[in-house]
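>>> The sequence isn't on hand, but the structure is:
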């Protein structure tokens, strides 16, 4: 009799169409796993408890009928095995088994949740990498060639990269030629880059002549300022500077260029010689003060594409002006005879 009852239990748990129950029960278990992932109020433990309660209730009703049936009556046994309560028990049993298996895969949580967390980590790592790549791109942006330059600044950027980063003076000069063929930037570092790149691919004398012609064509006097630095003589440089002053009177570098200092002329120390030196310093100081007035009227980026490389020209000009003022006072004392008078008075006081 006991063996017969065990046989009925086996048929209830694993009937003739067990694969159908396993398939549907597994699908229900997977659905529960998905619900656990998307619904925060249902944890894996709660879902296991729900599946277990449903399975237990259905199993209780199923086995109650199974133990009351006549085991010798095959037709009655078949009716019990295929009853609604037993079907519900089997669905619940396979669903619970499937869900517990998925929990084991998820190491205590639902498998979908575990996979979701992993994907979340991957997503987080990807976001971090994206941010880092963005930072690297921002850092590299100033060193990147602009494929389709649309302004003088774009052409200067490309030429600067070719010259300074890639050490390709030919490409840099070609880019600067394109720049001046379409624009007159009036930036001193642009004219300097034109000279530096061109000096590597052309003869110096020819390059200076070309820069003079280009300045007259474009009205960009900064080309004359840079050309004057490379002039074959001081007189030729002075002539170019004078032309720059006429071409663009508002250009501060046309009046005073720290890279082209005046040669020091040592005259005699007579009153006449001192007066000449004083007058020369007065004239030079006037040009420095004119530079300061014009240069200080605009921010440095008005005069340079890359003002951070220009240095503090205002401070340098102020110091130069103050030094010249001291020289002017000294030579004026000599020229007026005041210095000689002080020396004689000090001598008389000492030898009294």
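Yep, that arrived. Predicted, not measured: the structure shown is a model, and the values here were computed from it. Numbers count the residues shown, from 1 in each chain.
>>> burial of residue 203, as a residue count?
Each residue near residue 203 was counted by other Cβ atoms under 10 Å, and the total is 11. Backbone N, C-alpha and C define where each C-beta goes, glycine included.
>>> scratch that, residue 261 is what I was asking about
Using other Cβ under 10 Å, residue 261 is surrounded by 10 other residues.
>>> three-state assignment of it?
Of the three states, residue 261 takes coil according to DSSP: H, G, I helix; E, B strand; the rest coil.
>>> Show the end-to-end separation of stretch 153-166, please.
This stretch, stretch 153-166, spans 18 Å end to end (Cα to Cα, to the nearest Å).
>>> low-scoring stretches of the stretch 151-300 of the chain, by residue?
Applying pLDDT under 70 to the stretch 151-300 of the chain flags residues 264-268.
>>> Kindly report the domain assignment for this protein.
What automatic domain parsing lists as the domains of the chain is 2-119, 152-255, 271-350.
>>> need the strands for the stretch 201-350 of the chain, in chain order.
For the stretch 201-350 of the chain, strands defined by DSSP state E, counting those that start in this stretch do not occur.
>>> what about the helices in it?
Under the criterion DSSP state H, counting those that start in this stretch, the stretch 201-350 of the chain contains helices at 204-218, 222-229, 234-247, 252-255, 271-295, 313-336, 338-350.
>>> what does the shortest one rub up against?
Going back to what we said before, that points to helix 252-255. 188, 221-222, 224-225, 241, 244-245, 247-248, 287, 290-292, 294-295, 303 (Cβ atoms under 8 Å, 6 or more residues apart in numbering).
>>> How about stretch 171-186?
Under the criterion Cβ under 8 Å, 6+ apart, residues 151-153, 155-156, 158-160, 162-163, 190, 193-194, 197-198, 200-202, 214, 218-223, 248, 251, 305 lie in contact with stretch 171-186.
>>> List buried residues within the residues you listed.
Among these, those classed as buried by 16 or more other Cβ atoms under 10 Å are 152-153, 155-156, 158-160, 162-163, 190, 193-194, 197-198, 214, 218, 220-223, 248, 251, 305.
>>> For residue 301, which non-adjacent residue is spatially closest?
residue 307 (4.9 Å; Cβ to Cβ, 6 or more residues apart in numbering).
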